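model this:
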Amino acid sequence: MAELRRTALYDLHLSLGGKMVPFAGWEMPVQFPMGVMGEHLHTRAEAGLFDVSHMGQVILRGEDMAQALETLVPADIVGLAPARQRYGLFTDKAGGILDDLMIANKGDHLLLVVNAACVDQDIAHLRGLEAQGVTVTPVTDRALLALQGPKAETVLARLIPGVTAMKFMDVAEFDWQGVTLWVSRSGYTGEDGFEISVPEAVAVAFAQALLDAPEVAPIGLGARDSLRLEAGMPLYGHDMDRDTSPAQAALGWSVPKIRRQDGARAGGFPGAAAILPELAQGPARLRRGLRPDGRAPIREGVAIFDAAQGGTRIGQVCSGGFGPSVGGPVAMALLPPEIPDGATVWAELRGKRVAVTLTPIPFHKPSYKR
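Okay, the predicted model is just below:
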């Protein structure tokens, strides 16, 4: 069994009372003494600091780097303006999703952020671009922090005043005590906030400077999951994987018209022959939101039926838990798209069926600075 890796903030997490657990090959804090519900509500009300250094950062360079990346990702990379960031998907030949990622145009290079569990696979995948003159460089000497919540701008601006000019999905570089920070105005909580790539040598000092603000609390993986679930954001390996297409994952919006059928740069990415017709015609199953009756959460793997007794199994939960901001359980499942929002389906929990209402996602309205 491989030894778990530790981020630059590991000792800081311990000093803050973090409960450490294995996650994607890393030892990460799942919660702090405030507890998952407290951390979740604090992030919604003020500002939460997340260590996301386990995620992969990769730099692409080359004269045709944007065109080359479009051979792997069904997004508009060529049209991505400098100092802007975009969400994208790696797809496979069958039309499934290999991973989701963020792509930032930093002028002379692209900066990608990929999921921790997929880093090695994604870098190997990207190495295929070297034949097109693209240099692929994993970033190994920087930590990644996320500061999320309505007070995030106020807090970060005390250290870096220039961030107040940034809008949602902007990227920029700033100096902090002689080092360069890579900042994006983004995150995965449904709140306004920033992701900050910082040299490992000063990661603890920078994190401590943020934590010294009265508005900021450390937040673990538990609240990170409940925050993204309320915001209706899919998690790779749960709500999407190689057996799920972009249309089924409700991520068709990430494939723009220019890459779709009859678009100026239609196709040209793995699985286009399956993905594009499905986007045009609609999928047979679709990621949908669920609100169970009562207070008991329905979690990943729970079967969904079309009747209180007997009937047909129509899907299963891919993510589920308690939503502190909405005051009840929430879940997402791959279900037939023709069932209308507001309809009742049934989740089978320990041999008993519980009524569940189909609900539009997100469950909690995001608040980004546009």
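
can I assume Lys369 is in contact with Asp170?
No - contact between Lys369 and Asp170 fails when scored by Cβ atoms under 8 Å: they sit 9.2 Å apart. C-betas here are computed from N, CA, C, even on glycine.

between these two, who's got more neighbours?
Neighbour comparison, Lys369 and Asp170: the larger count goes to Asp170, with 19 against 14 (by other Cβ atoms under 10 Å).

Who are the contact partners of the more buried one?
By Cβ atoms under 8 Å, 6 or more residues apart in numbering, Asp170 lies in contact with Ala83, Arg84, Gln85, Ser184, Arg185.

do the same with Leu12
Taking Cβ under 8 Å, 6+ apart as the test, what Leu12 contacts is Val204, Ala207, Gln208.

any idea which element it lies in?
helix 10-15 (DSSP states H and E).

and for Lys369 and Asp170, which residues touch both?
Residues touching both Lys369 and Asp170 (Cβ under 8 Å, 6+ apart) are Arg185.

Name the nearest residue to Pro256, sequence neighbours excluded.
Setting aside the residues directly before and after it, Pro256 is nearest to Asp76 in space (Cβ to Cβ, 6 or more residues apart in numbering), at 4.8 Å.

and the gap between the one you found and Ile361?
Computed with Cβ to Cβ, to the nearest Å, the distance linking Asp76 and Ile361 is 24 Å.

can you check Ala308 too?
24 Å.

Name the residue in the two with the higher neighbour count.
More neighbours surround Ile361 than the other of Ala308 and Ile361, with 19 against 12 (other Cβ under 10 Å).

For the nearest residue to that one once chain neighbours are set aside, give me the pLDDT.
Nearest residue to Ile361, sequence neighbours excluded (Cβ to Cβ, 6+ apart): Gly232, at 3.2 Å. Model confidence at Gly232, given as pLDDT, is 96.

quick one: Gly232 from Asp241, how far?
Distance of Gly232 to Asp241, given as Cβ to Cβ: 18 Å.

what's the answer for His13, then?
From His13 to Asp241 the distance is 29 Å (Cβ to Cβ).

more neighbours, those two?
Comparing His13 with Asp241 by neighbour count (other Cβ under 10 Å), the higher total belongs to His13, at 21 against 14.

mind checking which helix or strand the closest residue in space to the more buried one that isn't next to it in sequence is in?
Using Cβ to Cβ, 6+ apart and skipping the chain neighbours, the partner closest in space to His13 is Pro29 (4.5 Å). Using DSSP H and E, Pro29 maps to strand 26-31.

what ranges do the helices span in the stretch 1-150 of the chain?
Per DSSP state H, counting those that start in this stretch, the stretch 1-150 of the chain carries helices over the ranges 10-15, 36-45, 65-69, 119-126.

can I get those in JSON lines with mean pLDDT and distance to Leu145?
Below are those laid out as JSON lines (pLDDT from 0 to 100; distance: least, Cβ to Cβ, whole Å):
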{"stretch": "helix 10-15", "mean pLDDT": "98", "distance to Leu145": "11"}
{"stretch": "helix 36-45", "mean pLDDT": "98", "distance to Leu145": "14"}
{"stretch": "helix 65-69", "mean pLDDT": "97", "distance to Leu145": "25"}
{"stretch": "helix 119-126", "mean pLDDT": "96", "distance to Leu145": "18"}
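
Would you give the sheet partners of the longest strand seen in the chain, along with the direction of each?
The single longest strand within the chain, with elements called by DSSP state E, is strand 313-323. Applying DSSP bridges to the sheet, strand 313-323 is found paired with strand 303-305 (antiparallel), strand 328-335 (antiparallel).

where are the low-confidence patches of this structure?
The chain contains residues with pLDDT under 70 at 1.

At the geometric centre of it, which residue do we find?
Central residue of the chain (Cα atoms, centre = their mean): Tyr188, 5.0 Å from the mean position.

how would you label that one: helix, strand or coil?
Following DSSP: H, G, I helix; E, B strand; the rest coil, we place Tyr188 in the coil state.

thought it was touching Arg224?
Yes - counting by Cβ under 8 Å, Tyr188 touches Arg224, with 7.3 Å between them.

okay, and the common contacts of those two?
With Cβ under 8 Å, 6+ apart as the test, Tyr188 and Arg224 reach no residue in common.

Counting only strands, which of the contacts of Asp170 make the cut?
Arg84, Gln85, Ser184.

just to revisit the earlier point, right, so of the strands paired with strand 313-323, which gets closest to Ala124?
strand 328-335 (28.0 Å; Cβ to Cβ).
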